[in-house]
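Participant: predicted model and sequence follow; I will ask about them next.
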Amino acid sequence: MENRFNPASPNYKLPESIKAMVDEEYKIASSIAITAALFAAVLMSLAQMVLANDNPSAAWEALRFFVYTAISSNLVAAGCCLWTIYALSDLPYKAQRLAMRDKQSWAYKAANGELFDDNIGDPKTLLKSFGADDYWWQSFGAICWYMLGLLLTFLALITWMWLSQSTAVAAAVTVVTIPGVVGLVYPVLDDVYKVCFG
C-alpha cells in the first residue's frame with residue numbers, strides 16, 4: 001500500500017471514534033470525581049458534628065466509622081478518576097509517536113484510512129492500540145471506591161438521621177432513601193459484573 005501519510009505531520013489527528021471514546025472516558029471520570037469530592041465535602045461537615053459528640057455508644061461508633069470511611073472512599077475514588085484522566089490526556093501525542101515508530105500500528109493504519117479490525121476487542125483495548133496507558137485498574141478502582149463511598153455516605157446519613165431526628169422522620173427518610181440507593185448502585189454493579197465476568 002502506498003504511503004499516504006506522514007506520521008510526523010503536525011496535522012496528525014485521532015480518528016473521530018477514538019476521540020469520542022476518550023471524551024466519554026473523560027466525562028465519566030470527571031463526573032465521578034466531582035460527585036465523590038462533593039460527597040467528601042458534605043461528609044466533612046457531618047464529621048465536625050460527629051467529632052463534637054463524644055458519646056461512646058455503639059450507634060455513635062458506627063456513625064464515626066461510616067463517616068470517616070466514606071470520606072476516605074470518596075477521596076480515593078476522586079484520585080482514581082484523576083489518574084484515569086491523566087492516562088488519557090496525552091493520547092494524541094502517544095498515538096502520533098506510535099504511528100511514527102510502527103507502520104503496523106492502528107495509529108498509523110487509521111491515519112491512512114484503514115478500517116478497524118473487528119477482532120480488536122473492547123474500547124479499552126482499542127485505546128491501548130493507539131498508545132493509551134493501561135488505565136483499566138484506575139478506572140475499575142474509581143467505580144469500586146465510588147460505589148463503596150456512595151453506600152457508606154448514605155449509611156452515614158441514615159445513621160445520623162436515626163441518632164438526631166425523631167423516629168418518624170428517620171423512618172420516612174430511610175424508606176425513601178433505600179430504593180434510591182438501590183436504583184443508583186444496581187446499574188453500575190451490573191456493568192462491573194459484565195466487564196469482569198463477561
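Facilitator: Nice, I can see it.

Participant: where in the chain is pLDDT low?
Facilitator: Residue ranges of the chain with pLDDT under 70: 1-10, 115-121, 192, 195-198.

Participant: ok, how many other residues are close to the residue lying closest to A110 once chain neighbours are set aside?
Facilitator: Excluding its sequence neighbours, the residue lying closest to A110 (Cβ to Cβ, 6 or more residues apart in numbering) is P15, at 4.7 Å. For the C-beta atoms, the positions are set from N, CA and C on the backbone; glycine is no exception. P15 has 20 neighbouring residues, counting by other Cβ atoms under 10 Å.

Participant: helices of this protein, start to end?
Facilitator: Taking DSSP state H, the helices of the chain run over residues 16-52, 58-89, 91-101, 106-111, 123-128, 136-164, 167-197.

Participant: could you find the closest non-adjacent residue to T35?
Facilitator: Y146 (7.6 Å).

Participant: let me redo that: L63
Facilitator: Nearest residue to L63 in three dimensions, chain neighbours excluded: T159, at 4.6 Å (Cβ to Cβ, 6+ apart).

Participant: quick one: contacts for the one you found?
Facilitator: By Cβ atoms under 8 Å, 6 or more residues apart in numbering, the contact set of T159 is 59, 62-63, 66.

Participant: okay, those in JSON lines with neighbour count and distance to D191 next?
Facilitator: JSON lines is the format used below for the contacts of T159 (neighbours: other Cβ atoms under 10 Å; distance: Cβ to Cβ, whole Å):
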{"residue": "A59", "neighbour count": "11", "distance to D191": "34"}
{"residue": "A62", "neighbour count": "14", "distance to D191": "30"}
{"residue": "L63", "neighbour count": "26", "distance to D191": "31"}
{"residue": "F66", "neighbour count": "23", "distance to D191": "25"}
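
Participant: can you list those in JSON lines and add distance to T35?
Facilitator: Formatted as JSON lines, these follow (distance: Cβ to Cβ, whole Å):
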{"residue": "A59", "distance to T35": "28"}
{"residue": "A62", "distance to T35": "24"}
{"residue": "L63", "distance to T35": "22"}
{"residue": "F66", "distance to T35": "18"}
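
Participant: could you single out the nearest of those residues to V185?
Facilitator: V185 lies nearest to F66 out of these, by Cβ to Cβ, at 15.9 Å.

Participant: so the closest one sits against L152, correct?
Facilitator: Yes - under the criterion of Cβ atoms under 8 Å, F66 makes contact with L152 at 5.3 Å.
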